[in-house]
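>>> Sequence plus the predicted model coming up.
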Amino acid sequence: MKIKKTKIEREPTEFALRVYDLLRQVPRGRVVSYGELARALGKASPRAVGQALRRNPYAPEVPCHRVIAANGRIGGFQGYRTGPALRRKLDLLAREGVVFEKGRLKDAANKFHEFGVT
DNA sequence: GCCCTACATCAAC
DNA sequence: GTTGATGTAGGGC
């Protein structure tokens, strides 16, 4: 039988691939904001970045847990903006040295913004 | 200090 | 045209 399972998981677009590549540059113990990624891309909006990350087909390969909001908020994780997934994200970051407090980034110094700047 | 609302902006549905 | 893992600006508690 043909069970058209609503192709939810589409292949990543060129735009998404760019986002993933940048995210992979983020070292451990560092986090980036959607806006920073959008800025690194040169021409994009924070929302577009979030869209790409949410689709993230390269789950373990792309550290989507190192992406937070510019205002220090935690953003989302694995498609969830709230719930146990967020707690997991905070735990992963804390493990890498990124301390969060009350769902907010405690030290903004952990923010990384040196893409491609070798 | 905290939270919410409105508008702007780009990509995907 | 609407939504979305946002951002900035403005207002209220």
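Here it is on my side, so go on.

>>> Dig out what A:Val31 forms beta bridges with.
A:Lys111 (DSSP bridges).

>>> how close does it sit to A:Val117?
17 Å (CB to CB, to the nearest Å). Any C-beta I mention is one placed from the backbone N, CA and C, and that applies to glycine too.

>>> More neighbours: those two, which one.
A:Val31 (25 against 7; other CB atoms under 10 Å).

>>> The lengthiest helix in chain A packs against which elements?
When chain A is parsed with DSSP state H, its longest helix is helix A:84-95. If contacts are counted by 3 or more CB pairs under 8 Å, 6 or more residues apart in numbering; DSSP states H and E, helix A:84-95 sits against strand A:100-101.

>>> Can you list the neighbours in contact with the lowest-mean-pLDDT helix or strand in chain A?
Counting by mean pLDDT, DSSP states H and E, the weakest-scoring helix or strand in chain A turns out to be strand A:100-101, with a mean of 82. Residues outside strand A:100-101 that contact it (CB atoms under 8 Å, 6 or more residues apart in numbering) are A:Ile74, A:Leu90, A:Leu93, A:Ala94, A:Lys106.

>>> partners of it in the sheet?
strand A:104-105 (antiparallel).

>>> Could you give the average pLDDT over the strand it pairs with?
Mean pLDDT, computed over strand A:104-105, is 84.
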